[in-house]
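> here is my input, please return the structure:
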Amino acid sequence: MRQSDIEGKQWIFDALKNGGVRNVISGEIYKDFRPAGSVKEDIVINSITMNNTFLQTGAFNVNCYVPYLKVTINSITQNVPRLKAVKDAVKPLLENKFTNNYNIDIEFSSTIMDEKDCYINFRLKLNAFNNK
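You can find the predicted model right below:
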């Protein structure tokens, strides 16, 4: 049976939840959207695309949010120690993950800063195997 991005997001969610990431962050793990106004350390999983071929390939984002602190480093207010702690907890769970139904790997990651948050974006490649 062909999978959809719904299953892909659930697989990523389960990998993070079962890997204990919830114990590292102050917020929650969400699919698709982060609650408006959240000032916690949240993780949001969303999908970019998932094709419908026999060997399915999808692209997903995992955004790990950390609020700004009043710490200035190189003229930028940021929270580098927490970003690193969250990255160190999340990255091994998404890197080279192989199961009977799918595999996930990190294509690239980037630290992004906007006016209220700093976050790490992990761009994932997911391959789903239609072996049922």
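
> from here on, contacts and neighbour counts on C-alpha atoms
OK.

> just the element for the residue nearest to L124 when sequence neighbours are not counted, please.
Leaving aside its chain neighbours, L124 sits nearest to I106 (4.5 Å; criterion: Cα to Cα, 6 or more residues apart in numbering). Assigned by DSSP states H and E, I106 belongs to strand 102-113.

> show residues contacting that strand.
With Cα atoms under 8 Å, 6 or more residues apart in numbering as the test, strand 102-113 has contacts from 94-98, 118-129.

> check stretch 114-131 too.
Residues contacting stretch 114-131 (Cα under 8 Å, 6+ apart): 1-3, 8, 54-68, 78-79, 83, 87, 94, 100-113.

> poorly predicted segments of the protein, please.
Low-confidence segments of the chain, defined by pLDDT under 70: 1, 69-78, 131-132.

> switch the cut-off to 90
1-8, 37, 39, 49-57, 67-84, 98-102, 112-118, 127-132 (pLDDT under 90).

> all strands for it, in order.
For the chain, the strands defined by DSSP state E cover 29-31, 43-50, 55-67, 72-73, 76-77, 97-98, 102-113, 117-129.

> turn the ones you listed into CSV, including distance to G20.
Shown next, in CSV, are these (distance: least, Cα to Cα, whole Å):
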stretch, distance to G20
strand 29-31, 11
strand 43-50, 13
strand 55-67, 14
strand 72-73, 30
strand 76-77, 28
strand 97-98, 16
strand 102-113, 18
strand 117-129, 18
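
> and the contacts of stretch 114-131, which are buried?
Buried positions within the contacts of stretch 114-131, assessed by neighbour count (16 or more other Cα atoms under 10 Å), are 3, 8, 56-68, 78-79, 83, 87, 94, 102-106, 109, 113.
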